[in-house]
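Asker: Give me the fold of what follows.
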Amino acid sequence: MGSGFSALKLVKPFLPFIPKVQRPVNVVPFRVKAMYTGISLVIFLACSQLPLYGIHSTTGADPMHWMRAILASSRGTVMELGIGPLVTSGMVMQFLAGSKLIKVNKDDREDRALLKAAEKFLSILIAIGQAAANLFMGMYGPLGLLGVGNSILIIAQLCFASILMMCLDELLQIGYGLGSGISLFTATHMWQVILSFLVCENVIWKSFSPTTINTVYGPEFEGAIPALFHGLLKQRNKTLALRKALFRTNLPNVTNLLSTAFISVLAIYLQGFGVPLTVTSNNLNSRFRQRGTYPIKLFYTSNMPIILLSAFISNIYFLSQLLYTRCGGNIVLVNLLGSWSESQYPASHSIPVGGLAYLADMAASPMRALFCLVFMLFACAWFSRKWTEVSGSSSKDVAKQLKASFLDQKMVMPGYREGQLEAVLNRHIPVAAAFGGMCLGALTVSADMMGAIGSGTGVLLAVSVIYQYFEMFDKERVSVFGSLGF
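Answerer: Residues are numbered from 1 along each chain as shown. Take a look at the predicted model:
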């Protein structure tokens, strides 16, 4: 069937070397799923704390600083690359298949297996490329000091961690666990970030820390909550003390905590918006007319627009810094992507000072904030629409799924003629996907403007993933213990 199949079959020689998790033969009990999910989480957390062996230092520029939280990346550890290679490879392969650049017959088991293998193979190649780029950028010290042996060892460690995350993600997705590894690891790392204040320090500690720090205003409590009560109890001017606790800029303040809580509650509230479409069978020869509903939620594509946009921006940032570090500002295309400079605070972080990357820094000026807002709205809407086309959740795909779930009976929606199922779905799904994506973009920008801890993207990712897991647990509970709630 043409070039599409030939392109996929190029992966066949590598199949014996690509790791694969066997599907479960029987239905996996809920307890076993919870156990596998917990074990996967422990492995991820352990990798996030395991330092890379052989590095000289991690004091150089950090090109991944902007997206570490979203991509579950921890600097100087074997999780340096995070889920970046896995997300990027999945995004590339899905869009290649969705745009028909490679032809995939989703009804053919072999084609599906080859597509999955190609995605894994690409993920490994991306991990090798990013690890090598980190070395050349001097993130672990000068290459001359590292030597060939240590350089190969560092690349091997980073690739092994990426392969391990890929296997854990597949383990959870095929039925051994709950949800997917990408969602689990992102949510876990994002709550570590939400429990942090920009420089990977625990926000619970930052909120309640009794440690005092010498500042230009004198000794102050590090934690926002102790600082608030200390100021209200000790200072005579209560209004000044409250204002300082709410808006201090040198240390965590109460406004950051309130903004994070507000955005989290708003995101959870919006998760409940949706349109349930009723579907019934119109088969007169059937003794029983089946009836069901298909809910079209406001966030129809869940958090995928944010994940895809974050992966896209992180790769642009990474490529821009890599080119600027190696080529300097002598090439027009490099300057167009972005020019960078070392920041004084936080240390070892590069900041954009020109180009497209500079425009993405919305805190710099009102015009760039407007550009960032418009970009986020339209980019999230576009990614959301495209994801429905490549992930099997478009109107046409959903219509096929509904017919298959009702044993190929003649499916209709009350008030519409037979055969209009896809047309009715097409009125709702594209609108929900685009508008839901725009809502996610608006929430993200609003959270950043309000000063939510971590980032607006991080807060929404963490909240949406945890909400999904809550729904999964509730569904599993009902299926195992019944609707009485035991």
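Asker: any chance you could map the strands in the stretch 101-250 of the chain?
Answerer: Using DSSP state E, counting those that start in this stretch, the strands of the stretch 101-250 of the chain run over 212-215, 218-221.
Asker: hmm, who's touching stretch 323-341?
Answerer: Among residues not part of stretch 323-341, those counted as contacts by C-beta atoms under 8 Å, 6 or more residues apart in numbering are 61, 136-138, 316-317, 319-321, 350-358. For glycine as for every other residue, the C-beta is placed from the backbone atoms N, C-alpha and C.
Asker: State the distance from Met165 to Phe95.
Answerer: 21 Å (C-beta to C-beta, to the nearest Å).
Asker: same check, this time on Ala423
Answerer: For Ala423, the distance to Phe95 under the criterion C-beta to C-beta works out to 26 Å.
Asker: Which one's more surrounded, these two?
Answerer: Neighbours of Ala423 and Phe95, each counted by other C-beta atoms under 10 Å, are more numerous for Phe95; the result is 16 against 13.
Asker: what about that one, which SS state?
Answerer: Under the three-state scheme (DSSP: H, G, I helix; E, B strand; the rest coil), the conformation of Phe95 reads as helix.
Asker: hang on, isn't it packed against Lys386?
Answerer: Yes - in this structure Phe95 lies within contact range of Lys386 using C-beta atoms under 8 Å: 7.0 Å.
Asker: For the stretch 251-400 of the chain, just list every one of the strands.
Answerer: Listed in chain order (using DSSP E, counting those that start in this stretch), the strands of the stretch 251-400 of the chain are 274-281, 291-297, 339-342, 350-354.
Asker: in its sheet, what does the first one sit against?
Answerer: Right, the one you point to is strand 274-281. The partner list of strand 274-281 in its sheet, established with DSSP bridges, is strand 291-297 (antiparallel), strand 411-412 (antiparallel).
Asker: Please spell out which residues along it are buried.
Answerer: Using 16 or more other C-beta atoms under 10 Å as the burial criterion, the residues of strand 274-281 that qualify are Gly274, Leu277, Val279, Thr280, Ser281.
Asker: and if you look at the third one?
Answerer: Applying a neighbour-count criterion of 16+ other C-beta under 10 Å, one finds Ser339, Trp340 buried in strand 339-342.
Asker: in what helix or strand does Thr444 lie?
Answerer: For Thr444, the element it lies in under DSSP states H and E is helix 421-450.
Asker: tell me the angle that helix makes with strand 274-281.
Answerer: Here helix 421-450 points in a direction 160 degrees away from that of strand 274-281 (axes from the mean of the first three to the mean of the last three C-alpha atoms, to 10 degrees).
Asker: packing partners for helix 421-450?
Answerer: Based on contacts counted as 3 or more C-beta pairs under 8 Å, 6 or more residues apart in numbering; DSSP states H and E, the elements that helix 421-450 packs against are helix 254-271, strand 274-281, strand 291-297, helix 304-327, helix 366-390, helix 395-405, helix 456-481.
Asker: Would you reformat the strands of the stretch 251-400 of the chain as TSV and include mean pLDDT and distance to Ala132?
Answerer: Written out in TSV, the entries for these read as follows (pLDDT from 0 to 100; distance: least, C-beta to C-beta, whole Å):
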stretch	mean pLDDT	distance to Ala132
strand 274-281	75	45
strand 291-297	75	41
strand 339-342	72	20
strand 350-354	71	19
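Asker: Using TSV, lay out the ones you listed together with distance to Met35.
Answerer: As requested, the strands of the stretch 251-400 of the chain are arranged in TSV below (distance: least, C-beta to C-beta, whole Å):
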stretch	distance to Met35
strand 274-281	32
strand 291-297	30
strand 339-342	45
strand 350-354	42
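Asker: what's the closest of those to Glu170?
Answerer: For the strands of the stretch 251-400 of the chain, distance to Glu170 was read as C-beta to C-beta. The smallest value, 26.1 Å, belongs to strand 291-297.
Asker: Could you tell me how far that closest one lies from the centre of the chain?
Answerer: How far strand 291-297 lies from its chain's middle: 26 Å, per C-alpha atoms, centre = their mean, to the nearest Å.
Asker: Ok, stretch 28-43 next?
Answerer: 21 Å.
Asker: What are the buried residues along that stretch?
Answerer: Applying a neighbour-count criterion of 16+ other C-beta under 10 Å, the buried positions in stretch 28-43 are Phe30, Lys33, Tyr36, Thr37, Ser40, Leu41, Ile43.
Asker: Tell me where the model's unsure across the stretch 251-400 of the chain.
Answerer: Screening the stretch 251-400 of the chain residue by residue with the criterion pLDDT under 70, one finds the ranges 251-252, 281-292, 328-329, 342-350, 359-365.
Asker: let's see it at 90
Answerer: 251-377, 379-380, 382-400 (pLDDT under 90).
Asker: Run a quick neighbour tally on Leu233.
Answerer: Neighbours of Leu233 under the rule other C-beta under 10 Å: 9.
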